[in-house]
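**Student:** Here's my sequence, what's the structure:
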Amino acid sequence: MATLAAAEVQDAPYGSSLEHVRDELARIDALVRGQVAHARAAGSDGPWHGLAISEAEIDAVLARSLGAAPWGAPTMPAALADAHALADRLAAAIDERCACTAVPLRLVGLARRFALTRFDVDALLIALAPEIDLGYERLYAYLHGDVNHMRPSLDLALHLLCRSLDERFAARARFGAGAPLVRHGLLHVVVEAPAAPRLAHVLKVDDRIVDWLHGSSELEPRLAQVARRMRSELSIDELELDGAVRARLANLAAEIVEAGEAADASDPPVLYLRGPAGVGKRTAGAAFAGALGCGMLALDCAALDATGDDAVAMIFAAAREARLTGDGLLFEAADCVLTGERRAARAALLAALAEAPGPCVLTGAAAWEPGDALPGRRFLQLELGLPDSGAQLRLWGAALAGAPLAGDVDLAALAARLRLTGAQIHDAAATARSIAHLRAGAGTPVAAADLVEACQRHTGHRFGGLARKVLARPGWDDLVLPPDRVLRLRELCDHARHRATVF
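**Tutor:** Reported below is the predicted structural model:
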């Protein structure tokens, strides 16, 4: 750790986020060193310091004023005055350096996105210091007068950051359950002993925040099991959606971007994309976020723990992660939580939607309306249907790009005959390639029969042990009907086959 006199800040722009964190920690280091110097000068040192209570310590407790530090004095000693003056000078230099820095500074972004005050940031840094250098554990234990108390307490943070008793009384509220540091889970106030007074509670920075300030962008392990980051490679105009739906999505994105540039910009609306599985709801949500200039953190609600406890924790973690990175929130299969019996998970999801500063997208198959559950926030629902034959033809072409096709393959006829989702087409194309490979080896052209079989595999219903599917392949010659009736049936089949071309 640098000496107190050497703790100075350069005047060049920051080259990295960690460089800024280092300077902020140097400012906190000045306060810690000032308190240590004052404690030593007050006679807190000794062979039994932290292990026994001496008569001198009892006399000191009786002599000091209410709320003063164990080494307190009626007036601020020179060591503390010098430490505070240095910390103020460092703070001003850091602010000037931040103002001319172009690279994103994670600590600055953290403070802005979670509405942290300077006091909040300093409390976070005090708890962060032992995560950077374990030497601070010994310094904190010394200041506590207890070798077993090596993590900063609420009391120690107040003594380091507050210069009067009135400041200490006011600052306690910044560690309350509703304050940003605690409410968003950035800082944990840990109760190490059930009967201990609140001032003795320990401050611990959440592990994800420690990793984030160190430069990590990886999701915490538990969240990574049910969530992933998404950045769309498609624009809204490139989505294979109904033209009217695509236009509404594009207009909404443009409206939000335009409103975001206004001084009185409000939170973007909550968008619910409803439709059957595989129609591209997740892709549309990511493209929508891309149009707003951000990525998406997608949480799979169907994969959340059915007990509800883990579901609430994961929804909370996802909401914090999205706010931390500036991404939007996408809750996949949200209807299984919003329309189900899991009240705790539903409440957590609604709270995340109500408080999220960025775009929020829900996907699901069931209809749902929030009623008065999202006060002050607009709610829009768009229904995504199956792609038309033209879109299906383009999807088939993209899914089979690069694959050799046999002469009997007519993708236009296949698209006109079947109504598949984009996901089903993608999966069926991969299966058809595998069928062709197994049938005659690598490089075998995909035949029409391969595509038909693949489509049947991905569209057939699952009946379990109650029934079995029978594939019947009768021909026209098997029908026992008058010729005019057969002709009429042929005309109906032709009409269905070419319905996308001829009305």
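
**Student:** Span of stretch 187-206 from start to end?
**Tutor:** End-to-end span of stretch 187-206 (Cα to Cα, to the nearest Å): 6 Å.

**Student:** what packs against the lengthiest helix in the chain?
**Tutor:** Counting by DSSP state H, the longest helix found in the chain is helix 17-41. Applying 3 or more Cβ pairs under 8 Å, 6 or more residues apart in numbering; DSSP states H and E, one finds that helix 17-41 contacts helix 78-99, helix 106-113, helix 118-132, helix 135-144, helix 154-161, helix 207-213. For every residue, glycine as well, the C-beta is placed using N, CA and C.

**Student:** Tell me which of these lies nearest to Ala354.
**Tutor:** Nearest of the helices and strands packed on helix 17-41 to Ala354, taken as Cβ to Cβ: helix 106-113 at 16.4 Å.

**Student:** Pull out the buried positions in the closest one.
**Tutor:** Buried residues in helix 106-113, counted by 16 or more other Cβ atoms under 10 Å: Arg106, Leu107, Val108, Leu110, Ala111, Arg113.

**Student:** Enumerate every residue touching the fifth one.
**Tutor:** Shown in contact with Ala111 (Cβ atoms under 8 Å, 6 or more residues apart in numbering): Asp120, Val121.

**Student:** Who are the packing partners of the helix or strand hosting Arg229?
**Tutor:** Element membership for Arg229 (DSSP states H and E) is strand 227-230. Secondary-structure packing of strand 227-230 (3+ Cβ pairs under 8 Å, 6+ apart): helix 281-291, strand 296-300, helix 309-325.

**Student:** 7 Å instead, please
**Tutor:** Judged by 3 or more Cβ pairs under 7 Å, 6 or more residues apart in numbering; DSSP states H and E, strand 227-230 is in contact with strand 296-300.

**Student:** Given the strand it packs on, what are its sheet partners and their directions?
**Tutor:** strand 227-230 (antiparallel), strand 328-332 (parallel) (DSSP bridges).

**Student:** could I get the ones you listed as JSON lines with mean pLDDT?
**Tutor:** Output for the strands paired with strand 296-300, formatted as JSON lines (pLDDT from 0 to 100):
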{"stretch": "strand 227-230", "mean pLDDT": "94"}
{"stretch": "strand 328-332", "mean pLDDT": "95"}
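
**Student:** so of those strands, which one's packed in deepest?
**Tutor:** Most buried of the strands paired with strand 296-300 by mean neighbour count (mean count of other Cβ atoms under 10 Å) is strand 328-332; its value is a mean of 27.

**Student:** I'd like the next helix or strand past that strand.
**Tutor:** Next element after strand 328-332 (DSSP H and E): helix 335-338.

**Student:** Not counting sequence-adjacent ones, nearest residue to Arg274?
**Tutor:** Leaving aside its chain neighbours, Arg274 sits nearest to Glu383 (5.1 Å; criterion: Cβ to Cβ, 6 or more residues apart in numbering).

**Student:** Please put the alpha-carbon coordinates of the next helix-or-strand element following the strand holding Arg229 into PDB.
**Tutor:** Next along the chain after strand 227-230, taking DSSP H and E as the criterion, comes helix 243-260. C-alpha atoms of helix 243-260 as PDB (Å, rounded to 0.1, in the frame of the first residue of the first chain):
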ATOM      1  CA  GLY A 243     -45.400  -6.800 -41.900                       C
ATOM      2  CA  ALA A 244     -47.800  -5.000 -39.600                       C
ATOM      3  CA  VAL A 245     -46.100  -6.500 -36.500                       C
ATOM      4  CA  ARG A 246     -42.700  -5.600 -37.800                       C
ATOM      5  CA  ALA A 247     -43.800  -2.000 -38.500                       C
ATOM      6  CA  ARG A 248     -45.200  -1.600 -35.000                       C
ATOM      7  CA  LEU A 249     -42.000  -3.000 -33.400                       C
ATOM      8  CA  ALA A 250     -39.900  -0.600 -35.500                       C
ATOM      9  CA  ASN A 251     -42.100   2.400 -34.700                       C
ATOM     10  CA  LEU A 252     -42.000   1.600 -31.000                       C
ATOM     11  CA  ALA A 253     -38.200   1.400 -31.000                       C
ATOM     12  CA  ALA A 254     -38.000   4.700 -32.900                       C
ATOM     13  CA  GLU A 255     -40.400   6.300 -30.400                       C
ATOM     14  CA  ILE A 256     -38.300   5.200 -27.400                       C
ATOM     15  CA  VAL A 257     -35.000   6.400 -29.000                       C
ATOM     16  CA  GLU A 258     -36.600   9.700 -29.700                       C
ATOM     17  CA  ALA A 259     -38.000  10.000 -26.200                       C
ATOM     18  CA  GLY A 260     -34.700   9.000 -24.700                       C
END
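
**Student:** Just want the phi and psi numbers for Leu203.
**Tutor:** Dihedral pair for Leu203: phi -100, psi 130, per degrees, to the nearest 10.
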